[in-house]
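**Q** No letters, just coordinates:
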């Protein structure tokens, strides 16, 4: 079934959205998308259009479109979401409609849970942890070990059991339009499964109560946290569309500092790792976040996977990893990057190509504030490639790779070993993206 809002450019498509009743038991109110050329399509059964990025390859991405009434759910609480997801090993097609915002940090009765609740009974306390692993006494040559580290890990495990939602194969998860649909404080884990659709959801406040101190990370050590808002690990055929990702309401500027380093409670927004493959990320908004998107978590991940398309997304107030790509073939087109510092989130770079990644970046638009350096928009380790064309900086065609290489000792390569073919909706010019994308991307746009 075609996905009409993704076959053509934003200017060319004509979409009329109306509400309709869905007869099947338990389905509740439905949404029908009417397209001038494709007829009527139920939003909840909508599938990725042909040639719309890497996720359309092969069998394509259909999610739970074949779900029967017994596997079609409308949920509004954490407990209902857990029940609807069922077992991660159950491949029965299912459609899950999220109505309103679900708080992952609640128990089965809906009671709010805090970091103190997860720490209870484990013996963990932040003050004791800081005392045990103060570099002045513990040193800087090894990871924490012993009583408090075990307690920290136990508390983290308790939190994970509550806030990590494991998504099975052949699943569509869609926010119900008009309800402010989303997930706060939680993580969708799409691991070792195929054929998943995630759309029209606002992901916020995904926070780790128990970051680990690693004195060996970098020159000065770092606090490292778990939990991405959405994480793909060994997943295939995944379409993430019209979602919003943000740290709000707790922004990094509110994080304290311990051992001279920021106590970082946020990890990734949408990470694609562990040889995940055939992924399309379209029309999302990423904002107010630091380490936003990993494509490949290790330089040693095997070749032949990590094929990802990113198109028509908005990146605003993003520090880095938009994305950081390793190993795979990554197509980045028609995205809008506003690298103006926002709420303390100051850009380090937008796109990083490393570990022999083969990135094609075309017809994207960067808004760079006065004094901003074009050379900082890209990054790499000297082995990755970025083939760029049609990219605009403040409306002017700019060779981003040339600017980066002129200022770097580790040049990005400019040739790649593949040619994108799955490019439905590719706009030949980026000039209209700053006006077209902010109002047509992210959660709440689909009606």
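**A** Cool, got the structure. As the structure is a prediction and not an experimental result, all values here were calculated from the model.
**Q** going forward, measure contacts and count neighbours with C-alpha atoms only.
**A** Fine.
**Q** so where do the helices sit in the stretch 1-150 of the chain?
**A** For the stretch 1-150 of the chain, the helices defined by DSSP state H, counting those that start in this stretch occupy 78-85, 115-119, 126-132, 135-138, 147-163.
**Q** can you tell me which residues contact residue 93?
**A** When the contact criterion is C-alpha atoms under 8 Å, 6 or more residues apart in numbering, the partners of residue 93 are 63-68, 71, 169-171.
**Q** From those, keep the buried residues only.
**A** For these, a burial check counting by 16 or more other C-alpha atoms under 10 Å picks out 63-67, 71, 169-171.
**Q** what does stretch 101-117 contact?
**A** Stretch 101-117 has contacts (C-alpha under 8 Å, 6+ apart) with 76-79, 159, 162-163, 179-186, 209.
**Q** go with 6 Å
**A** The contact list for stretch 101-117 (C-alpha atoms under 6 Å, 6 or more residues apart in numbering) reads 77-79, 163, 181-186, 209.
**Q** farthest-separated two in the contacts of residue 93?
**A** Pairwise distances across the contacts of residue 93 (C-alpha to C-alpha) peak at 15.1 Å, for the pair 68 and 169.
**Q** worst-scoring helix or strand of this structure, pLDDT-wise?
**A** The weakest-scoring helix or strand in the chain, judged by mean pLDDT, DSSP states H and E, is strand 15-21 (a mean of 33).
**Q** related to what we said a few turns ago, is it possible to get a markdown table of the buried ones among the contacts of residue 93 that adds pLDDT?
**A** A markdown table is the format used below for the buried ones among the contacts of residue 93 (pLDDT from 0 to 100):
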| residue | pLDDT |
| --- | --- |
| 63 | 98 |
| 64 | 98 |
| 65 | 98 |
| 66 | 98 |
| 67 | 98 |
| 71 | 98 |
| 169 | 98 |
| 170 | 98 |
| 171 | 99 |
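**Q** on that earlier part again, between which two of the contacts of stretch 101-117 is the distance greatest?
**A** Of all pairs drawn from those, the widest gap by C-alpha to C-alpha lies between 181 and 209 and measures 24.0 Å.
**Q** Looking at these two, which is more packed in?
**A** Neighbour totals were compared for residue 181 and residue 209, and residue 181 leads with 24 against 21 (other C-alpha atoms under 10 Å).
**Q** Contacts only, for the more buried one.
**A** By C-alpha under 6 Å, 6+ apart, the neighbours of residue 181 are 98-101, 175, 201.
**Q** Dump these to TSV, plus pLDDT, neighbour count and distance to residue 288.
**A** Formatted as TSV, these follow (pLDDT from 0 to 100; neighbours: other C-alpha atoms under 10 Å; distance: C-alpha to C-alpha, whole Å):
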residue	pLDDT	neighbour count	distance to residue 288
98	98	26	24
99	98	20	24
100	98	20	22
101	98	21	19
175	98	29	21
201	98	29	16
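**Q** Does residue 221 touch residue 212 like I think?
**A** No. Counting by C-alpha atoms under 6 Å, residue 221 does not reach residue 212; the two are 10.6 Å apart.
**Q** Of those two, which one has the most company?
**A** Taking other C-alpha under 10 Å, residue 221 and residue 212 do not tie; residue 212 has more neighbours (22 against 18).
**Q** I'd assumed residue 224 was in contact with that one.
**A** Yes. Under the criterion of C-alpha under 6 Å, residue 212 makes contact with residue 224 at 5.3 Å.
**Q** how about the closest residue to residue 81 other than its chain neighbours, what does it touch?
**A** Excluding its sequence neighbours, the residue lying closest to residue 81 (C-alpha to C-alpha, 6 or more residues apart in numbering) is residue 75, at 5.8 Å. Contacts of residue 75 were listed using C-alpha under 6 Å, 6+ apart, and they are 81, 98-99.
**Q** Please report how far residue 75 lies from residue 102.
**A** Per C-alpha to C-alpha, to the nearest Å, residue 75 is found 9 Å from residue 102.
**Q** Check residue 314 too.
**A** In terms of C-alpha to C-alpha, residue 314 sits 24 Å off from residue 102.
**Q** Show me which of these two is the more surrounded one.
**A** Neighbour comparison, residue 314 and residue 102: the larger count goes to residue 314, with 27 against 24 (by other C-alpha under 10 Å).
**Q** Let me see the contact set for that one.
**A** Going by C-alpha under 6 Å, 6+ apart, the list of residues near residue 314 reads 285, 336.
**Q** Tell me the confidence at it?
**A** Here, the pLDDT recorded for residue 314 equals 99.
**Q** Residues in a beta bridge with it, which ones?
**A** According to DSSP bridges, the partner residues bridging residue 314 are residue 285, residue 336.
**Q** for the one 10 residues further on, same thing?
**A** Per DSSP bridges, the residues bridged to residue 324 are residue 294, residue 352.
**Q** Local confidence estimate at it?
**A** Residue 324 is assigned 98 on the pLDDT scale.
**Q** Pull the number of nearby residues for it.
**A** There are 24 residues near residue 324, going by other C-alpha under 10 Å.
**Q** Repeat that for the one 10 residues further on.
**A** For residue 334, the number of neighbouring residues by other C-alpha under 10 Å comes to 30.
**Q** How about residue 261?
**A** Neighbourhood size, residue 261 [other C-alpha under 10 Å]: 14.
**Q** Same check on residue 137?
**A** 9.
**Q** any idea how far the residue lying farthest from the centre of the chain is from residue 144?
**A** Most distant residue from the mean C-alpha position of the chain: residue 137, 38.4 Å away (C-alpha atoms, centre = their mean). Plainly put, residue 137 is 12 Å away from residue 144 if you go by C-alpha to C-alpha.
**Q** now swap in residue 320 and tell me
**A** Note on residue 320: its distance to residue 144, by C-alpha to C-alpha, is 27 Å.
**Q** higher neighbour count, these two?
**A** With neighbours defined as other C-alpha under 10 Å, residue 320 and residue 144 compare such that residue 320 has more, 24 against 20.
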